[in-house]
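**Student:** Compute the structure for the input listed below.
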Amino acid sequence: MDKDSVKEALKKVKESSKKRNFKQTFDFIINLRGLDLKKPENHVEVYANLHYSKGKPVKICAFVGPELKEEAKKVCDTTISVDDFDKYQKDKKLAKKLAQEHAFFIAQATVMPKLAQVFGKILGTRGKMPNPKAGCVVPPKAALQPLYDRLQKTAVIKAKTQPVIKCSVGIEDQNEDEVIDNIITVYNSLIHKLPSEQNNIKNMLLKLTMGKPVEVK
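**Tutor:** Prediction:
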């Protein structure tokens, strides 16, 4: 991916966008081709560690046993003890609200069996179950701050049912070089995971939340 091409696309996106009364997000969209997503082995699931923030903090919830409860309360936005799981099992609306409000879920490994039983359906259908690939399943004595900080700069690159990937890579008033670096990092994290690499990419687009997409050549 050529840095100058990304810079040119970013410039066009900004020029064509109307001013809004909120900070818009830059969305990087990758349309795929030549992948039969009906076959699980062709599913795309990559967690890209960006060098820079995506501009807006994301909320992170931790499911823990007694060993991690105090640590999680200090670090995470929401902490749910295994002792409180039953409350969510009885109130599905509460569980759905939890899933909607948080981008990532961390789990202490020892509570995973009960977590899967109580939250599996609600988190699983949203692709938000604590994922070992993202480092979100942790031992009982884990230090959570480094994980929390890393997840704030993690881009989730997924394609399981539709051949399209969409990632937030920054906000409109963010330093331009940071947004460009984030875009290139997403691309580099994905490209070698595709069986035919560049040939599996139909096109790439960049847009602001309410703006028109511009192709990244």
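**Student:** List the residues that contact the spatially most central residue of the chain.
**Tutor:** The chain has residue 156 as the residue nearest its centroid, 3.3 Å off, counting by CA atoms, centre = their mean. Taking CB atoms under 8 Å, 6 or more residues apart in numbering, we find residue 156 in contact with 47, 127, 134, 167. No exception for glycine: its C-beta is placed from N, CA and C like everyone else's.
**Student:** want to try JSON lines for those, with pLDDT as columns?
**Tutor:** Below are the contacts of residue 156 laid out as JSON lines (pLDDT from 0 to 100):
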{"residue": "47", "pLDDT": "96"}
{"residue": "127", "pLDDT": "92"}
{"residue": "134", "pLDDT": "94"}
{"residue": "167", "pLDDT": "96"}
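**Student:** just the buried members of these?
**Tutor:** Applying 16 or more other CB atoms under 10 Å to the contacts of residue 156, the neighbour count classes 47, 134, 167 as buried.
**Student:** so what's residue 49 bridging to?
**Tutor:** Applying DSSP bridges to residue 49 gives these bridge partners: residue 154.
**Student:** That one is in contact with residue 154, isn't it?
**Tutor:** Yes - using CB atoms under 8 Å, residue 49 is in contact with residue 154, at 6.1 Å.
**Student:** These two: who's more crowded?
**Tutor:** residue 154 (20 against 13; other CB atoms under 10 Å).
**Student:** tell me the contacts of that one?
**Tutor:** By CB under 8 Å, 6+ apart, the neighbours of residue 154 are 47, 48, 49, 50, 104, 134.
**Student:** OK, contacts around the last one?
**Tutor:** Spelled out, it's residue 134. 47, 104, 151, 154, 156.
**Student:** What are the buried residues along stretch 88-106?
**Tutor:** 88, 95, 98, 99, 102, 103, 104, 105, 106.
**Student:** Ok, stretch 29-41 next?
**Tutor:** In stretch 29-41, counting by 16+ other CB under 10 Å, buried: 29, 30, 32, 35.
**Student:** and what of stretch 71-81?
**Tutor:** Buried-residue list, stretch 71-81, by 16+ other CB under 10 Å: 71, 72, 75, 76, 77, 79, 80, 81.
**Student:** Where does the second one fall, secondary structure wise?
**Tutor:** In the assignment (DSSP states H and E), residue 72 maps to helix 69-75.
**Student:** Look up phi and psi at residue 90.
**Tutor:** Main-chain torsions, residue 90, degrees, to the nearest 10: phi -80, psi -30.
**Student:** Tell me how far it lies from residue 84.
**Tutor:** 11 Å (CB to CB, to the nearest Å).
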